[in-house]
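Q: turn this into a structure:
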Amino acid sequence: MLQLNSYHQSIIDEISGLQERISTKSYLDTAKEIRDSYKVSPKIKITTGKTKGDYNWKSDTINLRPNYKNLTEFVMSVLHETHHAMMRKKYGSKKYEQMYLMSGEMAVAAGGDFHDDNTFEEEAEKWAKKELSKWIKKNK
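A: Predicted structure coming up:
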């Protein structure tokens with residue numbers, strides 16, 4: 001097996017860090033372009049998490065992940081979370097929170113999952129799928 005000295009390893013580490021920064025910048029730029037086109041203005045952050053993304057309606061922040069399997073998965077995540085921001089803008093933060101929580105409670109009462117069977121999540125996913133094609137074409 002090839003042994004790398006500390007100089008070569010530092011170059012490899014530097015290149016890896018550069019690739020990660022470029023990837024993150026590209027993600028952020030693309031996410032902001034998508035967000036801006038729908039006339040909402042949540043902050044966008046790259047964070048870790050168990051899901052592909054999430055939206056914090058209290059701070060009006062879209063949290064994306066540092067890596068996605070492909071462009072489709074990334075764009076779907078941005079669109080899905082953007083839809084949540086659009087609904088917050090439409091209803092206001094407090095009313096959106098009340099409606100989202102009520103929808104989740106209704107899903108649970110019907111034997112479903114608070115998140116996955118929440119009508120706000122279902123609507124965001126349906127809308128994102130509808131909008132996806134124009135963004136994939138634009139970003140290829």
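
Q: got the contact list for residue 97?
A: By Cβ atoms under 8 Å, 6 or more residues apart in numbering, the residues touching residue 97 are 57-58. Using the backbone N, CA and C atoms, a C-beta is placed for each residue, glycine as well.

Q: try it again at 10 Å.
A: Contact analysis of residue 97 by Cβ atoms under 10 Å, 6 or more residues apart in numbering lists 57-58, 88, 91.

Q: roughly how far does it sit from residue 104?
A: Note on residue 97: its distance to residue 104, by Cβ to Cβ, to the nearest Å, is 11 Å.

Q: got the phi/psi numbers for residue 30?
A: Torsion angles at residue 30 (phi, psi; degrees, to the nearest 10) stand at phi -70, psi -40.

Q: got phi/psi on residue 78?
A: Torsion angles, degrees, to the nearest 10, at residue 78: phi -60, psi -50.

Q: of the contacts of residue 97, which is the most crowded?
A: residue 88 (22 neighbours; other Cβ atoms under 10 Å).

Q: give me the element that one is part of.
A: Here residue 88, judged by DSSP states H and E, is contained in helix 71-91.

Q: please save the CA atoms from that helix in CSV.
A: Output of helix 71-91 as CSV, limited to C-alpha atoms (Å, rounded to 0.1, in the frame of the first residue of the first chain):
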residue,chain,number,x,y,z
LEU,A,71,-29.5,16.8,-8.3
THR,A,72,-33.1,15.7,-8.2
GLU,A,73,-33.0,14.9,-4.5
PHE,A,74,-31.4,18.2,-3.7
VAL,A,75,-33.8,20.3,-5.8
MET,A,76,-36.8,18.4,-4.4
SER,A,77,-35.6,19.2,-0.9
VAL,A,78,-35.2,22.9,-1.6
LEU,A,79,-38.6,23.1,-3.3
HIS,A,80,-40.4,21.1,-0.5
GLU,A,81,-38.9,23.4,2.2
THR,A,82,-39.6,26.5,0.1
HIS,A,83,-43.3,25.5,-0.1
HIS,A,84,-43.4,25.5,3.7
ALA,A,85,-41.9,29.1,3.7
MET,A,86,-44.6,30.1,1.2
MET,A,87,-47.3,28.8,3.5
ARG,A,88,-45.7,30.6,6.5
LYS,A,89,-45.8,33.8,4.4
LYS,A,90,-49.4,33.2,3.4
TYR,A,91,-50.7,32.5,6.9
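
Q: fine by me, thanks again.
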